[in-house]
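In: From the sequence below, what's the structure:
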Amino acid sequence: MSTKIQKIGVLTSGGDSPGMNAAIRSVVRSCAYHKINCVGIYRGYQGMIEGDFKPMDARSVNNIINKGGTVLKSARCMDFRTKEGRNTAYKQLKAEGIDAFVVIGGDGSFTGAMVFNQEYDFPVIGIPGTIDNDIFGTTFTLGFDTALNTVVEVIDKIRDTASSHNRLFFVEVMGRDVGHIALNAGVGAGAEEILIPEEDLGLDRLVESLKRSKKSGKSSSIVIVAEGDKTGKNVFELKEYVEKHLPIYDVRVSVLGHMQRGGSPSCHDRVLASRMGVKAVEALLEGKTSLMVGIQDNKLILTPLEMAIKGHTKIDKELIRVSDIMTT
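Out: Residues are numbered from 1 along each chain as shown. Coordinates of the predicted model:
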C-alpha cells in the first residue's frame, strides 16, 4: 500500500442514520491498524471550514458501535457550496496535516466531496449513510435495515389497536423520492396497500381495494404511504377522501417521522458499516479517490462519486408483485 497518506479525516454530513457511528469506529480503527493517524471532523463540512478537528485513536471509539445518530455530529453547510468556503476548508485540512478524508452521508455530501476533489485533487472516499436507500451503486445504505425494523415494529403495534377498534390506519413513512422503506416494510408488516412514489396507485384503485378488503371480511386495514407518494394527496387528505367515499371505515393517521432515523443500529447495519469503513480507508491507501463504497451481491464495490450522485435506484418490481399477491 502507498505510504503517501499519513493522516485521514472522517466526517458525517447531511442527515444522520443508524450505523454512522459503527462506520466512524471502523474508519478510526482501520487507520490504527495501518499505523496512520485519524482525525474526527465535527459538524460535517461546517466543522471542516471552522477547523473543528479532534484526533481519534482506537480507544476513542469504544462503545459507540451500538449507538444511533453520530458522535461527530452533522450540520447542513451552505458555505461549502461556495468556492470561498471550500478554499477555507482546504486550508484548514492542510494546516491540520490531513491528507485525505472519508465522508459518511448521502448524495448532497457526495456532491460536495466530488467538487472538492476536482478543485484541489484532494483524496476522498464516500460511505453511503441514509435510511432512504436511495444511493446508486449499493444494494444497501447504512441505516436502511434499522429503519425497516423500526417501521415494522411500530406497524405491528398499530395493527393491534387497528384490530381492536376495527379501524383503517394510514401510516406515513419516510421516502420523499423513493419507496424502498414503504414497500419493504409494507410487505414485512402485511399492509393491505402500499403507496409509493414509483407507482401511481390512484385514489379510485385505493378505494376499490379497501372495498374488496371489507367484503373479504377484513375488519381493519393498514395502508403504508411513502411521504413522496404520487397520488397528489398528502396523508391527511387521503384520510378525508377515504372517509368521504367509504364512511364505513373509522380512519386514523400515524406519521412516523424522525423516529425512523433513530435507535440502535441493527446487526446488519453494524456489520455493513464495519466492512465499508475498512474498505474506505484501504481504498485511500491504495491511491484511489472520488469513489463511494457500496455493496452488491454481498461483495464490496467502488463506484465513482459522480455515478453515485447522478444514478437512480430502482424499485424492486418483484417485491411489488409479491405485495399485490399478499394483499389478495
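In: Might one say that residue 241 is in contact with residue 233?
Out: Yes - assessed by C-beta atoms under 8 Å, residue 241 is found in contact with residue 233 at 6.3 Å. In short, each C-beta sits where N, CA and C put it, glycine included.
In: Output the below-cut-off pLDDT ranges for this protein.
Out: Across the chain, the ranges flagged by pLDDT under 70 are 1-3, 201, 217-220, 230, 232.
In: Spatially central residue for it, please.
Out: residue 130 (1.6 Å; C-alpha atoms, centre = their mean).
In: any idea how far that residue lies from residue 178?
Out: Using C-beta to C-beta, to the nearest Å, residue 130 is found at 10 Å from residue 178.
In: Surely residue 272 forms part of a helix?
Out: Yes - according to DSSP: H, G, I helix; E, B strand; the rest coil, residue 272 belongs to a helix.
In: ok, now which ones touch it?
Out: By C-beta atoms under 8 Å, 6 or more residues apart in numbering, the contact list for residue 272 reads 19, 140, 142, 145, 295.
In: Now do the same contact list for the first one.
Out: Looking back up the chat, that one is residue 19. Per C-beta under 8 Å, 6+ apart, neighbours of residue 19: 129, 142, 143, 146, 265, 269, 270, 272, 273.
In: Now rank those residues by neighbours and give me the top one.
Out: The member of these that has the most neighbours, counting by other C-beta atoms under 10 Å, is residue 143 with 32 neighbours.
In: That residue contacts residue 261, doesn't it?
Out: Yes - between residue 143 and residue 261 there is a contact at 7.1 Å, judged by C-beta under 8 Å.
In: what sits in contact with each of those two?
Out: With C-beta under 8 Å, 6+ apart as the test, residue 143 and residue 261 both reach 17, 18, 131.
In: Which of the residues you listed fall within strands?
Out: In strands, defined here by DSSP state E, there are no members of the shared contacts of residue 143 and residue 261.
In: And for the chain, the residue most distant from the center?
Out: Of all residues in the chain (C-alpha atoms, centre = their mean), residue 215 lies farthest out, 38.4 Å.
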